[in-house]
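In: I'd like to go over a predicted model; first the sequence, then the structure.
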Amino acid sequence: MRDRRSIREQNDPDAMACRALTRRDFVAGSLTIGAVSSCASAAALAQAVPLHCAPPTPVTVPTPFVPEISQPVRVRKSVFELNAQEISRLKAAYAALRRLYEEHPEDARGWYYQGLVHCWYCSGALNAIVGPEIHNGWYFLPWHRAYLHLHERILAALINDPTFSLPYWDWDTPGRNRFPPPYMDPADQTNPLFDPFRAIDASTRIPDNLTGPDVIKNVLGQATFGLFAGVGQGASGQRGAIERAPHGGVHLWVANPATLLPPQVNMGVLGTAAFDPVFFSHHANIDRLWTVWLNTTADPPHANPSEEAWLLQDFVFYDQRRQWTQILVDQVVDSEATLRYRYQPPSAQPAVAAAPAAAPAPPPRAAPARLASTMALEIATSPGGTALTPDPHTLRVAAPPAVQDRLRTLAATPQRRVILHIDGIQVPSDRGALVNVFLNRPDATTATPVSDPGFVGAIVEVPNTVTSAHGHQTTLSNVAFDITAKIASVPLPAGGELTVTLVPFQGGGARPAEISLRYRRIYIAAE
Ligand code: C2O
């Protein structure tokens, strides 16, 4: 394994100030939260983020993943519903994972390399060697599903219990918007599920503007996979609703619930998030909500993409036998059939009742990654980007009766959606951002709740890394909000002016002290 410490110290003299704090110390159990915050924080945090995330160099070409179709189906349960024996088994599995790293740091299955897998596929965390970016687009759900599956199989193999399954942290179930107890009880290094970088305690609650019923209803109500979970990749892609407020919001909350910003390792930064074992139960819930979304009744029925560019995309991981394994998106879409696990629904009443199972999916329709769209209304465009300030930012655009009629006609056309796009969102890789977006609510402030009829969704940016010393510039993404129902039901302004209001916020819904976010273009189009 590379000696990250020497690379770090040669390149960054600041880091030497905190030389004693290295990733190794975090593992060894000598570190407490106090020690983290007492060290010059930027340097300490920089030490905590690996510079190189590449997996051990494989000795073979990847072996194709073989679905284990003869295995019994394993059941993933809510972490709040595990019995004592299941909690001990979960702890034993992560203890074995950490022990493997201690005894064989070069083993790709150990705790440290498992965390690096996420960093490798998250292009912000290192300078040169990167896997494909799997955030901000349509690989977000299937990549994390494959990662969780192989992680689960590694844990199962380490404790020699093929029935082992990951739990899910159902922050969307009423009363469960709090940190799952097994992961912080006890809150010290004797608990293999503990991570010293969290800033939550048993009384901290996730605010409703991140995971509350209005947010979850909005996410599960998204009409297309693209709106729900993203489409395409990179500068031409679009980040989906589930990746934003519930997913990104929970990441930020675990590491820094007071303000959510600035970025804090581990969970609050994508490059380090998977070093915290709770990452996997957070993502198991995201994965479960994918299935819930597919089973939510809608017309047309919710469906996965049918494009080959999505289905035939492959990812590589080391599996439980340390085999370099290639797995296709197509091999994970039916998780019960090919990966042999399913979710036991939470016993508590969900805040948003899942509708009964939908009719069988229609035959796949060929559709380009980004649907052909009909331009309806240009709202703002600036090639260099417009910078937000911490105050609400309102854009006004004339919408005379003819434009309003056109929007209403488009909104009323079957199979068409009216979409508010915010494109070219640029955030420095070491900054996060949270921005609520409102339509025709020019007076919206941080006090305006997400239950407001004008709320359309949030922009949530999880930083990739913690310091610009890592040499990263900006994360670029696009987001889209379905405003079809709002155009159809909410009266458009009589004055003929349509407004889009962007409201930066931080934890507790307060105004942030600063924000570093630019956007290039805002427009409404029909798809
Ligand atoms: Cu790959 Cu929760 O992020």
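Out: Ah, there it is. Numbers count the residues shown, from 1 in each chain.
In: going forward, measure contacts between C-alpha atoms and count neighbours the same way
Out: Noted.
In: List the contacts of the helix or strand containing A376.
Out: Following DSSP states H and E, one finds A376 within strand 374-387. When contacts are defined by CA atoms under 8 Å, 6 or more residues apart in numbering, strand 374-387 is touched by residues 395-397, 403, 406-407, 424, 516-527.
In: what lines up beside it in the sheet?
Out: The strands that strand 374-387 pairs with in its sheet are strand 518-526 (antiparallel) (by DSSP bridges).
In: For A223, which non-adjacent residue is spatially closest?
Out: Excluding the flanking residues, the one nearest A223 by CA to CA, 6 or more residues apart in numbering is H302, at 6.5 Å.
In: Oh, that last question was meant for V73, not what I typed.
Out: Once flanking residues are discounted, V73 sits nearest to R340: 4.6 Å by CA to CA, 6+ apart.
In: residues touching the one you found, list them.
Out: With CA under 8 Å, 6+ apart as the criterion, the residues that contact R340 are E68, I69, Q71, P72, V73, R74.
In: Tell me where the model's unsure across the protein.
Out: 1-48, 51, 123-131, 350-372, 467-473 (pLDDT under 70).
In: Break down it into its strands, ranges please.
Out: All strands of the chain, identified by DSSP state E, fall at 63-64, 74-76, 314-318, 324-328, 341-343, 374-387, 393-398, 418-428, 433-439, 455-461, 474-482, 497-504, 518-526.
In: With distance to G137 and mean neighbour count added, can I get these in a markdown table?
Out: Formatted as a markdown table, the strands of the chain follow (distance: least, CA to CA, whole Å; neighbours: other CA atoms under 10 Å):
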| stretch | distance to G137 | mean neighbour count |
| --- | --- | --- |
| strand 63-64 | 24 | 14 |
| strand 74-76 | 26 | 19 |
| strand 314-318 | 15 | 21 |
| strand 324-328 | 16 | 21 |
| strand 341-343 | 24 | 19 |
| strand 374-387 | 21 | 15 |
| strand 393-398 | 26 | 16 |
| strand 418-428 | 13 | 23 |
| strand 433-439 | 18 | 25 |
| strand 455-461 | 13 | 25 |
| strand 474-482 | 9 | 24 |
| strand 497-504 | 22 | 24 |
| strand 518-526 | 17 | 21 |
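In: Distance to S165 added to those, as JSON lines?
Out: Output for these, formatted as JSON lines (distance: least, CA to CA, whole Å):
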{"stretch": "strand 63-64", "distance to S165": "23"}
{"stretch": "strand 74-76", "distance to S165": "6"}
{"stretch": "strand 314-318", "distance to S165": "18"}
{"stretch": "strand 324-328", "distance to S165": "20"}
{"stretch": "strand 341-343", "distance to S165": "8"}
{"stretch": "strand 374-387", "distance to S165": "45"}
{"stretch": "strand 393-398", "distance to S165": "46"}
{"stretch": "strand 418-428", "distance to S165": "36"}
{"stretch": "strand 433-439", "distance to S165": "33"}
{"stretch": "strand 455-461", "distance to S165": "30"}
{"stretch": "strand 474-482", "distance to S165": "33"}
{"stretch": "strand 497-504", "distance to S165": "38"}
{"stretch": "strand 518-526", "distance to S165": "41"}
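In: looking at these, which is closest to L116?
Out: For the strands of the chain, the distance to L116 is smallest for strand 314-318, at 11.1 Å, taking CA to CA.
In: chain center to the closest one: distance?
Out: From the chain centre to the centre of strand 314-318 is a distance of 19 Å (CA atoms, centre = their mean, to the nearest Å).
In: elements contacting it?
Out: helix 140-158, strand 324-328 (3 or more CA pairs under 8 Å, 6 or more residues apart in numbering; DSSP states H and E).
In: Could you export the ones you listed to CSV, including columns for distance to Q233?
Out: Putting those into CSV (distance: least, CA to CA, whole Å) gives the following:
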stretch, distance to Q233
helix 140-158, 10
strand 324-328, 16
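In: For A510, which of those is the nearest?
Out: Comparing the helices and strands packed on strand 314-318 against A510 with CA to CA, the closest turns out to be helix 140-158 (29.1 Å).
In: So what touches that closest one?
Out: When contacts are defined by CA under 8 Å, 6+ apart, helix 140-158 is touched by residues 93-94, 96-97, 109, 114, 134, 162-166, 229-230, 243, 280, 283-284, 286-287, 290, 315, 317-321, 327, 329, 332-333, 339.
In: 6 Å - rerun?
Out: A93, I134, P162, F164, D319, Q320, V329 (CA atoms under 6 Å, 6 or more residues apart in numbering).
In: farthest pair in those residues?
Out: Farthest pair in the contacts of helix 140-158, by CA to CA: I134 and P162, 28.5 Å.
In: Neighbour count for the two, which is higher?
Out: Neighbour comparison, I134 and P162: the larger count goes to I134, with 21 against 16 (by other CA atoms under 10 Å).
In: what sits against that one?
Out: Applying CA under 6 Å, 6+ apart, we find I134 in contact with F140.
In: Try it again at 7 Å.
Out: Y121, C122, F140, W143 (CA atoms under 7 Å, 6 or more residues apart in numbering).
In: most neighbours, which of the residues you listed?
Out: W143 leads these on contacts (other CA under 10 Å) with 24 neighbours.
In: and stretch 427-438, how far from the chain's centre?
Out: Centre-to-centre, stretch 427-438 and its host chain are 14 Å apart (CA atoms, centre = their mean).
In: Residue numbering should commence at 57 henceforth.
Out: Done: numbering now begins at 57, and the last item shifts to stretch 483-494.
In: What separates the first and last residues of that stretch, distance-wise?
Out: 20 Å (CA to CA, to the nearest Å).
In: Which segments of this structure make up each domain?
Out: 57-104, 105-399, 432-582 (automatic domain parsing).
In: Is it possible to get JSON lines of those that adds distance to Q405?
Out: Formatted as JSON lines, these follow (distance: least, CA to CA, whole Å):
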{"stretch": "domain 57-104", "distance to Q405": "35"}
{"stretch": "domain 105-399", "distance to Q405": "7"}
{"stretch": "domain 432-582", "distance to Q405": "20"}
